[in-house]
Each structure stands twice: as structure tokens, then as C-alpha cells.
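Chemist: Okay, structure incoming, though there's no sequence with it:
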């Protein structure tokens, strides 16, 4: 597992999520550990290294 730190798109607090590098690209929804709002997360990996990451609110 890969721990990635980023800002929540709702409360702007720095949070972290554990990401699975065995899947090269995935999109899923996970709640912020601070404000509990749902975040759409899209990590991208190549050779078990993170090459892209997007975290956005799902209310857009």
C-alpha cells in the first residue's frame, strides 16, 4: 500500500489515504477523515510509483 497526503477539496485540511499500487488507474469515493464529506479519488500508478493523483468533491 502507498500512503498519499493531499488537501481535502471541502475543508482544505491535509489528509492521507492508503492507495493500492497494484491497479494502474482507478476511481473511487472515500470520505474525508476530518469533515466526512465524500471525495472522488483517482490515483494513477506506473511500476508501483504514483504518476498522477486527483481528489475532487463530488458535488460539482
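Modeler: Received the coordinates, thanks. Everything numeric here is computed off the predicted structure, so don't read it as measured data.
Chemist: so residue 9 touches residue 54, yeah?
Modeler: No. Counting by Cβ atoms under 8 Å, residue 9 stays clear of residue 54, with 9.7 Å between them. The way it works is simple: take the backbone N, C-alpha and C, and place the C-beta from them, glycine included.
Chemist: Of those two, which one has the most company?
Modeler: Regarding residue 9 and residue 54, a neighbour count based on other Cβ atoms under 10 Å identifies residue 9 as having more, with 17 against 13.
Chemist: Assign residue 5 to one of the three secondary structure states.
Modeler: Three-state call for residue 5 (DSSP: H, G, I helix; E, B strand; the rest coil): strand.
Chemist: Which residues are in contact with it?
Modeler: Contact criterion Cβ atoms under 8 Å, 6 or more residues apart in numbering gives 14, 15, 16 as the residues in contact with residue 5.
Chemist: Residues in a beta bridge with the most centrally placed residue in the chain, which ones?
Modeler: For the chain, the residue lying nearest the average C-alpha position, counting by Cα atoms, centre = their mean, turns out to be residue 41 (3.9 Å). The partner list for residue 41 in beta bridges (DSSP bridges) reads residue 28, residue 55.
Chemist: could you measure it against residue 7, distance?
Modeler: Per Cβ to Cβ, to the nearest Å, residue 41 is found 13 Å from residue 7.
Chemist: what sits in contact with each of these two?
Modeler: Counting by Cβ under 8 Å, 6+ apart, the contacts common to residue 41 and residue 7 are residue 55.
Chemist: pretty sure residue 39 contacts residue 7?
Modeler: No. Here residue 39 does not reach residue 7: they are 10.2 Å apart, not a contact under Cβ under 8 Å.
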